[in-house]
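J.: the amino acid sequence is not available; the structure is as follows:
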């Protein structure tokens, strides 16, 4: 049984190296992790920050809808915000969770099959 657990542990280590890509340890001595969001340039970064702040203002104050009514350049670029949110979703990590779930399900099925007496035909 221990060799099976060792194999599972080795397999989990390999899976984590393949799938855990969203959070990376910071270069300093803190226990903080870093997630990277990609932008084309500083202008896009500025637009995303500005649009996120505007979106928060609108969420907090319904009368703040006047922000976009006066000047088109002040409107919120929702697609840019949604693209940024898509970058934050850790899809690789979700795949790892699926792999772990599959491994655990397979192991528990093997254990359950070993514990069951002969089934009736």
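T.: Received the coordinates, thanks. Quick caveat: nothing in here was measured; it's all calculated off a predicted structure.
J.: ok, and what's touching stretch 33-45?
T.: Stretch 33-45 is contacted by residues 22-26, 48, 80, 84, 87-88 when judged by Cβ atoms under 8 Å, 6 or more residues apart in numbering. For glycine as for every other residue, the C-beta is placed from the backbone atoms N, C-alpha and C.
J.: sketch out the low-pLDDT regions of this protein for me.
T.: Scanning the chain for pLDDT under 70 picks out 1-2, 62-74, 105, 107-121.
J.: residue boundaries of the strands in it?
T.: In the chain, the strands defined using DSSP state E lie at 23-25, 33-35.
J.: how close does the one residue sitting closest to the centre of the chain get to residue 20?
T.: The centroid of the chain falls nearest to residue 90 when counting by Cα atoms, centre = their mean (2.1 Å). Separation of residue 90 from residue 20 (Cβ to Cβ, to the nearest Å): 8 Å.
J.: same question, residue 93
T.: When distance is defined by Cβ to Cβ, residue 93 is 6 Å away from residue 20.
J.: please enumerate the helices of this protein.
T.: Under the criterion DSSP state H, the chain contains helices at 2-19, 42-60, 66-70, 78-88, 91-115.
J.: mind giving me TSV with those helices and columns for mean neighbour count and distance to residue 32?
T.: Converted to TSV, the helices of the chain look like this (neighbours: other Cβ atoms under 10 Å; distance: least, Cβ to Cβ, whole Å):
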stretch	mean neighbour count	distance to residue 32
helix 2-19	12	19
helix 42-60	13	21
helix 66-70	11	34
helix 78-88	12	17
helix 91-115	12	18
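J.: out of those helices, which is closest to residue 31?
T.: helix 2-19 (17.4 Å; Cβ to Cβ).
J.: give me the helices and strands touching that closest one, please.
T.: Judged by 3 or more Cβ pairs under 8 Å, 6 or more residues apart in numbering; DSSP states H and E, the packing partners of helix 2-19 are helix 91-115.
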